[in-house]
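>>> Here you go, sequence then predicted model.
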Amino acid sequence: MTRLGFVLDSGTCIGCHACTVACKSEHDVPLGVNRTWLKYVETGTFPDTNRHFSVMRCNHCQDAPCMEICPTSALFRADNGVVDFNDASCIGCKGCMNACPYDAIYINPATSTAHKCNFCNHRVTEGLEPACVIVCPTQAIRVGDLDDPESEIALLHSSGNGSVRSPEQNTNPAVIYKNANPTSLDPLASSIPSDGMIWSDTLESHPSPTPVSLGAAPDRADGGDMGRTVYTTGHPATWGSMVSGYLVTKAVSAGVMLIAALLVLTGRGGEQAAVSVLPPVIAGAFLALTGVLLVADLKQPGRFHYLITRGNWSSWLVKGAYILGGFAVLQAAWWVAGLAGAGDVLPILVAPVAALALGTAGYTAFLFGQCEGRDLWQQPLLLPILLTQAVVAGGAAYSVMDLFIAVPDSGTIRWIFLVSLAVNGFLIAVEVRGSHSRHVTMALSEMTNGGQRRKFQAWLALGLTLPCLLLAVSLLTDSGTAAAAVAGISAIAGMFAYEDAYVRAGQAVPLS
């Protein structure tokens, strides 16, 4: 057995960027993205200061989260332990980028597929060394075999004298740092001052000692002083409004069918328009929109069918595709039964429809759970929040439907709508106010007080406060249909604002 890895000796690295240039030359890496890059961090107070250099790249983890989430196995492990990639299978979903705790993966603008350091495997398999090893003037980059107990890298690993990045992620990386200052390896242990003395363009959300985007400087886990980042490479967020929109559209689809199933259980299955015909049409339309958003967000949308033909069953992207497909089939069956007036069939469909509706609403919690680089998305309250959002969305949709058709038990549905809003608001409040790790605390600060605060405030106003007030009015008056409908529209708009803030805040905390 062989498991190749790198020893990156920060004690001898001089920060010359020869490795970065050699990597770009060897692999034709376009400008603006990097497989290998350098980070400069300064510690101490003038005149007693030091500058530390660290090479950043893919860690070729033994427990690689990028491989687990990849829906087409485009990221795979070679026989020598290297995590390599296959351009021909990549659909450009960008899940691997959020799964990687090291910011090591990028979308190649020339191929629209995910690329990263692959250990120059085309050279290694021919008995040559990686390009970065060849050019390093101080031999600060060395190759070793972790399965050889006598090798330098194995001894560093077993003795504890070596360091790894983000050890709390438990990925068992094959990149071991020697003589590295902890400040340079921990992305939250150094900050970019606001004095403009930075040698490269960076994201606004990188930690700063003044309120920029994350609201406040993070505290070192070890209680030490924050370092000063003087050179690094920015990594922009990969998921945006399309992912936020998909979270809302599938919540509406799931919620409508959950309310319809509840009406069938309460003996209202004979209400053809409001229970058996219109709900699956609305749910189907929003489910189709969900699919459009998912495919449109791919960098290789023409390959979306690879989710089925080359599906990797460890990925919740693949499992989610089957859940959505099964839900669409059941919606069609519900609609056909409704058109045929076969009301006695609907009770048989209630259980599977409700199960797949809950699966449609909630599977994203498990998908986000595979994004190990984004700690905000790992929180246990995400699943109940997504499920209550589906109920909110279902109540909102039925409240709007009530303007156009007679909805049975509309008062009960409004109560369900109101209670689910309150529960959802309570769960989010617990999430925001709870005690969390540095990473999650910074992401929540970004969401509530930083760059996403206006969207979060829009949710508070449009997605929670206003709908609750309007629903209270509708329940206390005899003609509250219009108020409930406005509450429904407002709740959906507020839900999108929250999801967009949540998705973007989760990606705001730097990983390198």
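Right, received. Where do you want to start?
>>> For residue 142, what is the enclosing helix or strand?
strand 141-145 (DSSP states H and E).
>>> can you list contacts of that strand?
By Cβ atoms under 8 Å, 6 or more residues apart in numbering, the list of residues contacting strand 141-145 from outside reads 2-9, 19, 55, 124, 129-130, 132-133, 151-154, 176. Using the backbone N, CA and C atoms, a C-beta is placed for each residue, glycine as well.
>>> from the middle of its chain, how far away would that strand be?
32 Å (Cα atoms, centre = their mean, to the nearest Å).
>>> isn't there a strand covering residue 84?
Yes - counting by DSSP: H, G, I helix; E, B strand; the rest coil, residue 84 is located in a strand.
>>> Beta-bridge partners for it, please?
Counting by DSSP bridges, residue 84 forms beta bridges with residue 76.
>>> What's the first helix or strand after the lowest-mean-pLDDT helix or strand in the chain?
Lowest mean confidence among the helices and strands of the chain (mean pLDDT, DSSP states H and E): strand 190-191, at a mean of 83. Remark: after strand 190-191, the chain's next helix or strand is strand 227-231, criterion DSSP H and E.
>>> partners of that next one in the sheet?
strand 37-45 (antiparallel), strand 190-191 (parallel).
>>> Highest mean neighbour count out of those strands?
strand 190-191 (a mean of 24; mean count of other Cβ atoms under 10 Å).
>>> Residue 418 contacts residue 468, doesn't it?
Yes - under the criterion of Cβ atoms under 8 Å, residue 418 makes contact with residue 468 at 6.4 Å.
>>> out of these two, which sits in the busier spot?
More neighbours surround residue 418 than the other of residue 418 and residue 468, with 21 against 18 (other Cβ atoms under 10 Å).
>>> secondary structure element for that one?
Per DSSP H and E: helix 410-433 holds residue 418.
>>> list the helices and strands that helix packs on?
For helix 410-433, the elements it packs on are helix 241-265, helix 382-401, helix 438-448, helix 466-476, helix 481-506, judged by 3 or more Cβ pairs under 8 Å, 6 or more residues apart in numbering; DSSP states H and E.
>>> Nearest to residue 423, out of these?
Closest to residue 423 of the helices and strands packed on helix 410-433 is helix 382-401 (Cβ to Cβ; 5.1 Å).
>>> what's the spacing between the closest one and its chain's center?
So, by Cα atoms, centre = their mean, the centroid of helix 382-401 is 21 Å from its chain's centroid.
>>> Tell me the first helix or strand C-terminal of the strand holding residue 142.
Once the chain leaves strand 141-145, the next helix or strand it forms, by DSSP H and E, is helix 152-159.
>>> now the strands paired with strand 227-231 in CSV, with distance to residue 281?
CSV is the format used below for the strands paired with strand 227-231 (distance: least, Cβ to Cβ, whole Å):
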stretch, distance to residue 281
strand 37-45, 51
strand 190-191, 53
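>>> Out of these, flag the one nearest residue 119.
strand 37-45 (16.0 Å).
>>> buried set for the next helix or strand after the closest one?
Next in sequence after strand 37-45, counting helices and strands by DSSP H and E, comes strand 48-56. For strand 48-56, burial by neighbour count (16 or more other Cβ atoms under 10 Å) applies to 51-56.
>>> any chance of those residues in JSON lines, plus distance to residue 145 and pLDDT?
Shown next, in JSON lines, are these (distance: Cβ to Cβ, whole Å; pLDDT from 0 to 100):
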{"residue": "51", "distance to residue 145": "32", "pLDDT": "92"}
{"residue": "52", "distance to residue 145": "27", "pLDDT": "94"}
{"residue": "53", "distance to residue 145": "25", "pLDDT": "94"}
{"residue": "54", "distance to residue 145": "23", "pLDDT": "94"}
{"residue": "55", "distance to residue 145": "19", "pLDDT": "96"}
{"residue": "56", "distance to residue 145": "22", "pLDDT": "96"}
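>>> Just send those residues back as CSV, with distance to residue 254 too.
Output for the buried residues of strand 48-56, formatted as CSV (distance: Cβ to Cβ, whole Å):
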residue, distance to residue 254
51, 53
52, 50
53, 50
54, 45
55, 46
56, 40
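>>> closest to residue 499 among those residues?
For these, the nearest to residue 499 is residue 56 (30.6 Å; Cβ to Cβ).
>>> separation between that closest one and residue 8?
Residue 56 sits 9 Å away from residue 8, going by Cβ to Cβ, to the nearest Å.
>>> returning to that earlier point: compare the strands paired with strand 227-231 and say which comes out lowest on pLDDT.
When the strands paired with strand 227-231 are compared by mean pLDDT, strand 190-191 comes last with a mean of 83.
>>> Residue 387 reaches residue 361, doesn't it?
Yes - when contacts are counted by Cβ under 8 Å, residue 387 is listed as touching residue 361 (5.6 Å).
>>> This completes my enquiry, with thanks.
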